[in-house]
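Student: Quick one, fold the following:
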Amino acid sequence: MASLVPCPHCGARPKEEFTIRGAALARPLANADPAAWMEYVYLRDNPRGRYEEHWHHTAGCRRWLVVTRDTASHEIAASRDAALDTTGAPHP
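Tutor: Numbering: from 1, shown residues only. Alright, predicted model coming up:
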């Protein structure tokens, strides 16, 4: 049975409909020092456990999502629209 991803717009969909971009990291401000940009662009943690990633619903609503996935078991715990903050309000 295929793994299902809970899309907030389309409901549970097969993972094959999605494209994974990678870690959902907070972007530094434009005037941040070069060290902050170096870390953001090039350095990545390799965590074990729950991790937030950007996923694109390529074969569905075509929205970017933030998916919380366990890196050890690949179990998906939650997803939300990436255009909304954690409270459900649009990003400024």
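
Student: When you work out contacts or count neighbours from here on, use the C-alpha atoms and nothing else.
Tutor: Noted.

Student: low-scoring stretches of this structure, by residue?
Tutor: Along the chain, segments meeting pLDDT under 70 span 1-2, 85-92.

Student: Do a quick rundown of the strands in it.
Tutor: Residue ranges of the strands in the chain, as given by DSSP state E, are 4-7, 11-14, 19-23, 50-56, 64-70, 76-81.

Student: helices or strands up against the first one?
Tutor: In this structure, strand 4-7 makes packing contacts with strand 11-14, strand 76-81, judged by 3 or more C-alpha pairs under 8 Å, 6 or more residues apart in numbering; DSSP states H and E.

Student: let's go with 10 Å and repeat that
Tutor: When contacts are defined as 3 or more C-alpha pairs under 10 Å, 6 or more residues apart in numbering; DSSP states H and E, strand 4-7 packs onto strand 11-14, strand 64-70, strand 76-81.

Student: Extract the C-alpha trace of the longest one and format it as PDB.
Tutor: Coordinates of each C-alpha in strand 64-70 appear next as PDB, following Å, rounded to 0.1, in the frame of the first residue of the first chain:
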ATOM      1  CA  TRP A  64       3.900  24.100  -1.200                       C
ATOM      2  CA  LEU A  65       3.400  22.300   2.100                       C
ATOM      3  CA  VAL A  66       5.400  22.000   5.300                       C
ATOM      4  CA  VAL A  67       5.400  18.300   6.100                       C
ATOM      5  CA  THR A  68       6.500  16.900   9.500                       C
ATOM      6  CA  ARG A  69       8.100  13.500   8.800                       C
ATOM      7  CA  ASP A  70      10.000  11.100  11.000                       C
END
